[in-house]
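Student: Curious how this folds, go ahead:
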Amino acid sequence: MGDSLITIVVIGLVAVLMFIFPVMTMADRSDDIAQLAVETETREFVDDVRTTGKLTLDKYEKFVENISATGHSYTVEMTSTVNDETPGKKVTQADATKYGENASWVMYTSQIIDTLNNPNNHGVMSLAEGSDFSVQVKNNDVTLSQQFNNFLYKVTGNDSYVIAASHSGIVTTTGSGN
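Tutor: Down below sits the predicted model:
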């Protein structure tokens with residue numbers, strides 16, 4: 001009876017070592033590949049917007065399509081700090097030759113999407129030189145690797161994500177209209 005129990009335990013351990021750990025490793029590598037793809041797409045998307053000074057609905061939809069090709073669903077958050085110069089002479093400044101006063105405001109994802117979907121804008125949002133544009137991406141589904149880790153380590157949580165990327169930068173040219 002004792003030899004049979006040891007044999008069953010050894011077969012169980014061998015099964016775990018031969019099947020479970022390789023599958024876990026493959027799942028981790030799959031997440032690593034998806035991470036790299038999302039980071040690359042996010043960086044290229046932001047850099048394209050920064051260098052052209054324009055965000056178009058087509059560019060945004062293509063970006064979402066490219067990151068979704070990894071087989072996961074994502075939450076994309078965009079912010080843009082829009083710089084604007086208001087005309088007028090500053091009276092509080094000692095140098096009387098300086099004109100204009102800088103003002104800025106922040107646009108968030110919903111406002112940016114509304115701007116892109118506005119028929120008057122023709123799917124284009126122009127950004128002024130010096131504005132800041134940033135994108136944050138997080139997966140909002142549970143990957144196979146997360147499922148294994150949650151099972152083995154009891155690591156669960158609503159805000160747990162494995163695949164995430166962010167990139168931001170200063171717009172280098174003022175985008176022209178349509």
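Student: contact partners of stretch 135-152?
Tutor: With CB atoms under 8 Å, 6 or more residues apart in numbering as the test, stretch 135-152 has contacts from 20, 23-24, 27-28, 30-31, 34, 38, 42, 45-46, 67, 72-78, 155-156, 160-168. All C-beta atoms are positioned from the backbone trio N, CA, C, and that covers glycine.
Student: typo on my end, stretch 56-72
Tutor: Residues outside stretch 56-72 that contact it (CB under 8 Å, 6+ apart): 33-34, 37-38, 41-42, 45, 48-49, 74, 76, 113, 116-117, 123-125, 137, 139, 141, 143, 163.
Student: measure the residue nearest the centre of the chain to D114 for me?
Tutor: Centroid-nearest residue in the chain, with CA atoms, centre = their mean: V137, separated by 2.0 Å. V137 is 20 Å from D114, where distance means CB to CB, to the nearest Å.
Student: Can you flag the buried ones in the contacts of stretch 56-72?
Tutor: Buried members of those, counted by 16 or more other CB atoms under 10 Å: 34, 37-38, 41-42, 45, 49, 74, 76, 113, 116, 123-125, 137, 139, 143, 163.
Student: Just the contacts of stretch 135-152: which are in strands?
Tutor: The strands, defined by DSSP state E, take in Y74, T75, V76, E77, M78, A164, A165, S166, H167, S168 from those.
Student: of those, closest to V14?
Tutor: Distance to V14, by CB to CB, is smallest for A164 among the ones in strands among the contacts of stretch 135-152, at 36.2 Å.
Student: May I have the predicted confidence score for the closest residue to the closest one other than its chain neighbours?
Tutor: Nearest non-adjacent residue to A164, counting by CB to CB, 6 or more residues apart in numbering: K138, 4.6 Å away. On pLDDT, K138 comes in at 92.
Student: For burial, what's the neighbour tally of S68?
Tutor: 13 (other CB atoms under 10 Å).
Student: now swap in L57 and tell me
Tutor: Counted with other CB under 10 Å, the neighbours of L57 add up to 17.
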